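Q: this one's structure only:
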């Protein structure tokens with residue numbers, strides 16, 4: 001079960017990204033289906049696991065497009081509601097190296113409520129073999145409700161804290177597994193420092209901590225309450241990922257070398273593949289290694305969802321690397 005955002009992505013591709021105040025001409029324009037939640041649901045579904053989605057779209061052309069795109073991937077949409085607010089839109093600039101900048105107009109994603117999420121999850125016969133994967137492109141209250149409902153059903157819960165701003169310990173500590181990138185990890189650790197009165201120093205420290213040390217801040221019990229329940233998996237872009245569990249040494253997963261075309265959606269490919277691996281019964285370390293390969297492969301095709309691999313494509317890629 002994926003709980004999160006669904007957008008339509010408006011993409012402009014050019015040789016380089018513009019500087020502040022600069023206008024670049026000659027970009028190539030395209031429209032893609034996106035939103036972190038929608039992308040993660042597609043990533044999981046393409047890897048052969050039964051996948052359902054909870055979120056919201058607007059009663060507009062983009063909403064109808066987004067709904068049809070998810071349905072075409074075999075994603076169960078009983079939890080997708082239509083609201084009066086416009087469907088979410090992401091404005092994306094991509095350069096020739098695949099690097100990107102993104103601005104999101106949340107629209108209907110901001111209308112996802114904790115009541116809607118709780119009712120949608122409670123209508124399913126979820127159990128210990130299932131996974132609830134949540135991203136933060138919906139209101140924090142809805143994120144917390146999804147994680148609580150997942151725990152009430154005995155599932156494994158994964159929180160992708162993207163974006164990280166506004167997430168606090170009472171919310172992220174509801175997750176069994178937290179999957180930040182390096183920047184999101186630093187934001188969360190800095191917020192923790194500010195809550196205990198070390199604002200300036202905390203921001204500086206967060207920027208210099210290595211992933212393991214920063215992750216342990218979020219895993220450990222603090223004066224603010226419990227930490228992440230099981231593990232933090234930090235995604236590191238082209239460097240792969242690192243798994244930090246409550247006990248034991250960190251485990252590094254390197255990313256196979258590829259020519260990246262578009263890094264948009266790579267993190268979503270990782271999260272969807274991680275959840276799919278756990279549903280398939282893989283140990284967390286094996287699921288994380290497989291997720292790194294899925295995310296790497298996703299960067300070789302334009303569009304947030306274009307490169308999300310099928311099981312056959314992922315297995316072939318893993319064998320070749």
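A: Received, thanks. Predicted model, so just to flag it, every value in this text is computed and none were measured.
Q: all contacts plus neighbour counts: C-alpha atoms, from now on.
A: Fine.
Q: any idea how far residue 183 is from residue 236?
A: As judged by C-alpha to C-alpha, to the nearest Å, residue 183 and residue 236 stand 9 Å apart.
Q: For these two, indicate the residue with more neighbours.
A: residue 236 (19 against 16; other C-alpha atoms under 10 Å).
Q: quick one: the more buried one and residue 179 touch, right?
A: No. Between residue 236 and residue 179 there is no contact under C-alpha atoms under 8 Å: 10.6 Å.
Q: where are the low-confidence patches of this protein?
A: Applying pLDDT under 70 to the chain flags residues 195-208, 222-224.
Q: how about the helices of it, start to end?
A: Using DSSP state H, the helices assigned to the chain run over residues 36-46, 61-72, 114-122, 140-152, 169-172, 182-195, 199-208, 211-219, 266-279, 284-298, 311-320.
Q: closest one to residue 245 among those helices?
A: helix 211-219 (8.0 Å; C-alpha to C-alpha).
Q: got the angle for that closest one vs helix 182-195?
A: Computed with axes from the mean of the first three to the mean of the last three C-alpha atoms, to 10 degrees, the direction of helix 211-219 lies at 50 degrees from that of helix 182-195.
Q: Run the chain-centre distance for helix 211-219.
A: 19 Å (C-alpha atoms, centre = their mean, to the nearest Å).
Q: what does it contact?
A: Contacts of helix 211-219 from elsewhere in the structure, counted by C-alpha atoms under 8 Å, 6 or more residues apart in numbering, are 169, 173, 182, 185-186, 188-189, 206, 226-232, 234, 242, 244, 246, 250.
Q: Please indicate which of the residues you listed are buried?
A: For these, a neighbour count by 16 or more other C-alpha atoms under 10 Å gives the buried set as 169, 173, 182, 185-186, 188-189, 206, 226-232, 234, 242, 244, 246.
Q: of all the helices of the chain, which gets the most neighbours per residue?
A: Of all these, helix 36-46 has the most neighbours on average by mean count of other C-alpha atoms under 10 Å, namely a mean of 30.
Q: hmm, back to that, let me have the helices of the chain in TSV, adding distance to residue 107 as columns.
A: Formatted as TSV, those follow (distance: least, C-alpha to C-alpha, whole Å):
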stretch	distance to residue 107
helix 36-46	14
helix 61-72	11
helix 114-122	16
helix 140-152	15
helix 169-172	23
helix 182-195	23
helix 199-208	31
helix 211-219	30
helix 266-279	20
helix 284-298	26
helix 311-320	33
